[in-house]
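S.K.: coords please:
(one chain, ligands or ions: 1)
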Amino acid sequence: MSTFDFTRRPRRLRQNPAIRELVSETRLHPADFILPMFVADGLSEKREISSMPGVFQHTTDSLVRAVAEAAEQGIRCIDLFGVPLDDDKDAEGSPAWDPEGVLNRNLAVLRKEFGDDVMIMADTCLDEFTDHGHCGVLSEDRWGNSIVDNDATVELYQKMSVAQAEAGAHIVSPSGMMDGQIEAIRAALDVAGFQDVSIMAYSAKYASAFFGPFREAVGSSLQGDRRTYQQDPANIRESLLETQLDIEEGADFVMVKPALPYLDVLTKVAEMSPVPVAAYQVSGEYAMIQAAGLNGWVDREAVMMESLTAIKRAGADQILTYFAVDAAKQLNG
Ligand code: PBG
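M.R.: Numbering: from 1, shown residues only. Alright, predicted model coming up:
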């Protein structure tokens, strides 16, 4: 008899791959993933983003091919960002609602090409389109300080979301963190007859340095930061309030962003949300894993799958990730 009474032996359920799979609590599936994609004006061929190896600014042709590849691997939704020419940007971001603007033109191409086989989601935010790079329009407060004008911006988001719906987007995704944006966009879509277009609300979006590589990906003109509209990384109560408001205002999905450094937020949001909860594994999270993997410092494929599993375990129903196709390929064997 041993001096210990090992009646409890958790290792029993880890003995071999079959029993481990039998007791696995979290399973990834290609349909969990949403692939963020970039399409740019003025390219003759797709261009790799140097701080995001393996991610491209697409031409229309290469975009269509890449969406087809994702669909073949079982991805059910892509999220499209448009990159206009610098010369087309202005203070309001008018290419955002121009049917001929880079984003709307390519949304229309994708909807025509893929119908309802792949959900086409559009980024609904002005930062790619404004010459100052902010997510909204600027005005002055009564002391003469430059501010991002909430209500004037929300009106432009209404125009933008209707243009995206007209182009064929199944889902619009307001990412600008303006107050009241979900209610206003829902109303604008409904008035225009787009009751069937869903809203994925970036609800808990932090002013995060993990967005760094994204600025290159969209050729952002931003000087300064977004701390007057995106949340302080120190706070979590605010996330629950933002999420609750977005649900009340009519969000069909809510989102937490970034993902891995904010798993505590994700878990709390998942506990309270009656609608699906997405998490966005952002550009900097991707870049860190790619960089370490390409240097041979970590096992890229293993870290990729582990990070996605952790995000799902923490409560994500959908994961926006630049790894979507690679991860789906691994799952599909
Ligand atoms: C704003 C937007 C950003 C991202 C998605 N939508 C940038 C920001 O808020 O500064 C970041 C995505 C990423 O880092 O992968 N339209």
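
S.K.: ok, the residue nearest to Cys77 when sequence neighbours are not counted - contacts?
M.R.: Of all residues not flanking Cys77 in the chain, Met119 sits nearest, at 4.0 Å (Cβ to Cβ, 6 or more residues apart in numbering). Every C-beta, even on glycine, is put in place using the N, C-alpha and C of the backbone. Met119 makes contacts with 76-78, 170-171, as judged by Cβ atoms under 8 Å, 6 or more residues apart in numbering.

S.K.: then Val172?
M.R.: 121-122, 124, 161, 164-165, 185, 189, 197-200.

S.K.: restricted to strands, list those residues.
M.R.: The members of the contacts of Val172 that map onto strands under DSSP state E are 121-122, 124, 198-200.

S.K.: looking at the residues you listed, state which has the most neighbours.
M.R.: Neighbour counts for the ones in strands among the contacts of Val172, by other Cβ atoms under 10 Å, peak at Ala122, which reaches 31 neighbours.

S.K.: surely it meets Gln164?
M.R.: Yes. With contact defined as Cβ atoms under 8 Å, Ala122 counts as touching Gln164 (4.1 Å).

S.K.: now the common contact residues for the two.
M.R.: 103, 107, 172.

S.K.: from those, which is closest to Ile34?
M.R.: In terms of Cβ to Cβ, no member of these lies closer to Ile34 than Val172, at 13.6 Å.

S.K.: so the closest one, which state does it fall into?
M.R.: Three-state assignment for Val172 (DSSP: H, G, I helix; E, B strand; the rest coil): strand.

S.K.: distance of the residue in the stretch 1-150 of the chain positioned nearest to the ligand relative to Gly101?
M.R.: Proximity of the stretch 1-150 of the chain to the ligand (Cβ to the nearest ligand atom) peaks at Cys125, 3.5 Å away. To Gly101, Cys125 is 13 Å away according to Cβ to Cβ, to the nearest Å.

S.K.: ok, now Ala259?
M.R.: 29 Å.

S.K.: show me what contacts the closest residue in space to Asp225 that isn't next to it in sequence?
M.R.: With Cβ to Cβ, 6+ apart as the measure, Ala207 is the residue that lies nearest to Asp225, at 6.2 Å, once sequence neighbours are left out. Contacts for Ala207 (Cβ under 8 Å, 6+ apart) come out as 225-227, 230-233.

S.K.: A strand includes Val256, no?
M.R.: Yes. Under three-state DSSP, Val256 falls within a strand.

S.K.: how close does it get to the ligand?
M.R.: Going from Val256 to the ligand by Cβ to the nearest ligand atom, to the nearest Å gives 13 Å.

S.K.: pLDDT value on that residue, please?
M.R.: Listed pLDDT for Val256 reads 98.

S.K.: okay, now it: neighbour count?
M.R.: Val256: 31 neighbours (other Cβ under 10 Å).

S.K.: that one against Leu266, yeah?
M.R.: Yes. Val256 is within contact range of Leu266, at 4.6 Å (criterion: Cβ under 8 Å).

S.K.: what is in contact with these two at once?
M.R.: 277, 279, 316.

S.K.: the first one: what's it in contact with?
M.R.: Residues near Val277 by Cβ under 8 Å, 6+ apart: 253-256, 266, 269-270, 315-318.

S.K.: quick check: end-to-end length of stretch 94-106?
M.R.: Counting by Cα to Cα, to the nearest Å, you get 16 Å between the two ends of stretch 94-106.

S.K.: how about Asp232, nearest residue that isn't a chain neighbour?
M.R.: Nearest non-adjacent residue to Asp232 (Cβ to Cβ, 6+ apart): Ala207, at 6.7 Å.

S.K.: how many other residues sit next to the residue lying closest to Ala66 once chain neighbours are set aside?
M.R.: The spatially closest residue to Ala66, leaving aside those adjacent along the chain, is His58, at 6.2 Å (Cβ to Cβ, 6+ apart). Using other Cβ under 10 Å, His58 is surrounded by 23 other residues.

S.K.: by contact count, what packs against the helix or strand bottoming out on mean pLDDT in the chain?
M.R.: Between all helices and strands in the chain, the lowest mean by mean pLDDT, DSSP states H and E belongs to helix 212-217, at a mean of 93. If you count contacts as 3 or more Cβ pairs under 8 Å, 6 or more residues apart in numbering; DSSP states H and E, helix 212-217 packs onto helix 283-294.

S.K.: what residues sit buried inside the helix or strand just after the helix it packs on?
M.R.: Once the chain leaves helix 283-294, the next helix or strand it forms, by DSSP states H and E, is helix 300-314. Neighbour-count burial for helix 300-314, counted by 16 or more other Cβ atoms under 10 Å, picks out 300, 303-305, 307-309, 311-312, 314.

S.K.: repeat that for stretch 205-212.
M.R.: Counting neighbours by 16+ other Cβ under 10 Å, the buried set in stretch 205-212 is 205-206, 208, 210-211.

S.K.: how about it against the ligand, any contact?
M.R.: Yes. Stretch 205-212 reaches the ligand (Cβ under 6 Å from any ligand atom) through Phe211.

S.K.: same question, stretch 43-62
M.R.: No. Judged by Cβ under 6 Å from any ligand atom, stretch 43-62 and the ligand are separated, with a smallest distance of 8.4 Å.
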